[in-house]
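*Asks:* Return a 3D structure for these sequence lines:
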Amino acid sequence: MRYIAPPRDSVAPEVFARWPLYGWREYAAWMQSTYWPSIDELNAVRPTGQRERFVAQTLELLNDGLHYEQRIAERGEIATREANWHDLFNAMAWLRYPMLKRALNVRQMADIAVMGPRERSRAQYALTHFDEAGVIVTLRDRSLLDLWNEHDWYGLFWRERTAWMDGRATVQVFGHALLEHALTPGKLLVGKALACMASDDEGDAVAACAQGIEAGRLLCDPLELRPLPLAGLPGWHPESDMETFHLHTPCYQPRRDGRAYPASLLL
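*Replies:* Numbers count the residues shown, from 1 in each chain. Below you'll find the model as predicted:
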């Protein structure tokens, strides 16, 4: 069933004080004010030198005959629906992670050139899944990856609960649909993750993932993406601080027979 975001004036205030939306609090005014930010307001805070800009998605724009990704690549125009949660969060992702967004666009355009604008490759599905629900997880403890590989969610999120608070495991939410779904209190969020392994604090996971995506080393198939039940992270769900949640929550799915994941990206 397609998710329908709640109206702006009916969003529960507590969702903005809980992850993942709390992690985007620099945009709190856009999320929590009584008014929607304008296209001009979005453009006013673009990173210095960013070519891409937000444009209102009007009927006239849609009649230009271009694919959404083509407008970005050829004209630097990000079609944006005004007064729309999904597109607001997409704009926020462009503002925080322009390198990742640009890498996805480069890859989408490469496949559109081969497949045409109506057909989609497995790589395009992977790129879209990451764009909508992507997270980047950086680990500094190999045992955590072993638990994740086996879908040992109790071990990963309860026995190793402190790992998600002491820096051995960090999560960066990229997918704008995840942020939209977080508007519903108590929703069991599951991200589609790229895993990175770091030996120190020097590695830049976002830059490494963007480079890997643009070069075609990452996101060639949807099965590369690992499910990560974000609801299990400390503070991400109202009940995640209770052991019983990690024993019975339906978002903890077992690993399917034969399911394997690619090696983590080394930073």
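*Asks:* Next up, the contacts around the closest residue to residue 153 other than its chain neighbours.
*Replies:* Ranked by Cβ to Cβ, 6 or more residues apart in numbering and with sequence neighbours excluded, the top spatial neighbour of residue 153 is residue 252, at 4.1 Å. C-beta here means a position set from N, CA and C on the backbone, and glycine is covered the same way. Neighbouring residues of residue 252 by Cβ atoms under 8 Å, 6 or more residues apart in numbering: 151, 153, 154, 229, 232, 246.
*Asks:* Backbone torsions only: list them for residue 252.
*Replies:* phi -90, psi 100 (degrees, to the nearest 10).
*Asks:* from now on call the first residue 49
*Replies:* Sure, I'll start numbering at 49, so the last one becomes residue 300.
*Asks:* Centroid-wise, who is the farthest residue in the protein?
*Replies:* What lies farthest from the middle of the chain is residue 108; by Cα atoms, centre = their mean that is 29.6 Å.
*Asks:* List the contacts of the helix or strand encompassing residue 108.
*Replies:* Remark: residue 108 resides in helix 107-110, with elements defined by DSSP states H and E. Residues from elsewhere that reach helix 107-110, judged by Cβ under 8 Å, 6+ apart: 103, 119, 125, 127.
*Asks:* give me the number of residues near the second one?
*Replies:* By the other Cβ atoms under 10 Å criterion, the neighbourhood of residue 119 contains 20 residues.
*Asks:* And whichever strand or helix holds residue 161, what does it pack against?
*Replies:* In this structure, residue 161 is located in helix 146-163 according to DSSP H and E. The elements that helix 146-163 packs onto, with contact taken as 3 or more Cβ pairs under 8 Å, 6 or more residues apart in numbering; DSSP states H and E, are helix 116-118, helix 133-144, helix 170-181, helix 253-262.
*Asks:* separation between residue 110 and residue 178?
*Replies:* Taking Cβ to Cβ, to the nearest Å as the measure, residue 110 falls 25 Å from residue 178.
*Asks:* quick one: which of these two has more around it?
*Replies:* Set residue 110 next to residue 178 and count neighbours by other Cβ under 10 Å: residue 178 wins out with 26 against 12.
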